[in-house]
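Undergrad: Okay, here's the prediction I keep looking at, along with the sequence it came from:
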Amino acid sequence: MDKVIGVDIGGTKIRMGVINEKGQILAERQVKTEFPLYPYLERQVLSFLGEHPDVSAIGVGTHGFVDSKAGRIVFAGDMLPGWTGTEVKAPLEQVTGRSVEVENDANCAALAEAKFGAAEGLGRVVCITLGTGLGGGIIWDGKLLSGGPHGGAAELGHMILYPHGARCACGRHGCAEQYLSGTALVRRIKEAGLTVTPTELFELAETDAQAQKLVTEFTEDLAIYISSLQAIFDMDMLIIGGGVSESASSWSGELKRQLAKVLLNPLPVEVARFENDAGMLGAALLVLNK
């Protein structure tokens, strides 16, 4: 049975797993993200590969705009300093002796959910990841929509939600990422003068009017954003993943009420089945049976 390594690079941690063609995680390792990133990544992958030499290929999912054909990071922003412009595929293939594919992490999450997860069997799926940033992945008639001349296809976090709004790491103002991510929630909480975490905010909203106002604003923004995506893609399902989705039971009811006001047509909205495993599993799918 074919086995590969899937690598998920985030702003705070890197996860690596040995994964088979059934999507089973046979072994895994998690390390803190350190910089400069490429030499650190190379050392970690070689170490993990040394423990599991029988893998056939390596898939890498990472935050940022990715030229998937060249295996190069086009743009990564402040979350991964120094990562912009980095060649990943060629040097990693040279040192590991394995074929390597590189893709945006949210695209990887979409692959995992469409192949093994909440959207299994569906042809048109949009997956958004509410984590440190806001990522997006699109499965269109069973195939991943990615790439583009600037590596920016499906960068759904950089759709403008509020013109002239909060400044984004991309240099523009009002990107959805600045309102619909864990980092955005932290900022909104601070601006409201509260001293709670996002998870605590959703719990506090049950009894506190100010917290409830923030949750209402967050879910209203998310509903408008989802309705815009539906107008473009008319997808079979929208999946919400990332760290913020782990508390979805506290805010999904409010989101449904907001969605009812703005959706063009009924749309199933589901929480990602794999949660934090999705990026790693999807990275493996880049190279499984290829």
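TA: All right, it came through fine. Numbers count the residues shown, from 1 in each chain.

Undergrad: which other helices and strands contact the lengthiest helix in the chain?
TA: Counting residues, the longest helix found in the chain (DSSP state H) is helix 209-233. Other helices and strands packing on helix 209-233, by 3 or more CB pairs under 8 Å, 6 or more residues apart in numbering; DSSP states H and E, are strand 125-130, helix 182-191, helix 198-204, strand 237-241, helix 248-262. Heads up, the C-betas are built off the backbone N, CA and C, glycines and all.

Undergrad: same thing but 10 Å
TA: Applying 3 or more CB pairs under 10 Å, 6 or more residues apart in numbering; DSSP states H and E, one finds that helix 209-233 contacts strand 125-130, strand 134-140, helix 182-191, helix 198-204, strand 237-241, helix 248-262, strand 269-271.

Undergrad: of all these, which gets the most neighbours per residue?
TA: Highest mean neighbour count among these (mean count of other CB atoms under 10 Å): strand 125-130, with a mean of 29.

Undergrad: other SSEs contacting that one?
TA: helix 105-115, strand 134-140, helix 182-191, helix 209-233, strand 237-241, strand 269-271, helix 278-285.

Undergrad: SS state for the nearest residue to residue 51 once chain neighbours are set aside?
TA: The shortest distance from residue 51 to any non-neighbouring residue, by CB to CB, 6 or more residues apart in numbering, is to residue 27 (7.5 Å). Judged by DSSP: H, G, I helix; E, B strand; the rest coil, the three-state class of residue 27 is strand.

Undergrad: Who are the contact partners of residue 27?
TA: 3, 5, 16-19, 48, 51-52, 55 (CB atoms under 10 Å, 6 or more residues apart in numbering).

Undergrad: bridging residues for it?
TA: For residue 27, the beta-bridge partners are residue 18 (DSSP bridges).

Undergrad: how far away is it from residue 19?
TA: For residue 27, the distance to residue 19 equals 9 Å [CB to CB, to the nearest Å].

Undergrad: Same check on residue 231?
TA: Distance, residue 231 to residue 19, by CB to CB: 35 Å.
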